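Peer 1: The sequence and its predicted three-dimensional model are supplied below.
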Amino acid sequence: MDGYWSYDGKTNGAMVLYSGVLNANAHGHPVLEFDVARLNAAGSQGKSYYVYCDDPNAIVIVRNATTLPRDLSIITPHQVWIDGGFNTPGDPTQIRQAAIVTSDKVIGVTSP
């Protein structure tokens, strides 16, 4: 997946192209899956991630981010889809410092 992201090996190994049912909404453009649980399980400990694709119409889907394991910032020039929630744990004492920075829009989606 060269050209889609670059970070440490643990992060690169955990990043994948999304292949779920929401792909139809991307109209043939890549959907880069930023899965917080997968990154954490792979041992990636970053607090700030820049996610980029050469396709200007690519989309970044953020998954398993309702409860964050640490403070987290995601920066991308692409549209961002939030699957579920982002930093909205049931226990308010677990809210982290978090941000999503994009030059496009952020929308909430729900995959079945």
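Peer 2: Done, it's in.

Peer 1: When you work out contacts or count neighbours from here on, use the C-alpha atoms and nothing else.
Peer 2: Noted.

Peer 1: remind me which residues of this structure are low pLDDT?
Peer 2: Judged by pLDDT under 70, the chain has its weakly predicted residues at 1-8.

Peer 1: Next, count neighbours for residue 83.
Peer 2: Neighbouring residues of residue 83 were enumerated by other Cα atoms under 10 Å; the total is 20.

Peer 1: which residues pair with it across the strands?
Peer 2: Applying DSSP bridges to residue 83 gives these bridge partners: residue 63, residue 109.

Peer 1: so what's it up against?
Peer 2: 61-64, 108-111 (Cα atoms under 8 Å, 6 or more residues apart in numbering).

Peer 1: Narrow the residues you listed to those that are buried.
Peer 2: For the contacts of residue 83, a neighbour count by 16 or more other Cα atoms under 10 Å gives the buried set as 61-64, 109.

Peer 1: Next, format the residues you listed as CSV and append distance to residue 77.
Peer 2: Putting these into CSV (distance: Cα to Cα, whole Å) gives the following:
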residue, distance to residue 77
61, 13
62, 14
63, 18
64, 21
109, 19
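
Peer 1: Many thanks, I have nothing further to ask.
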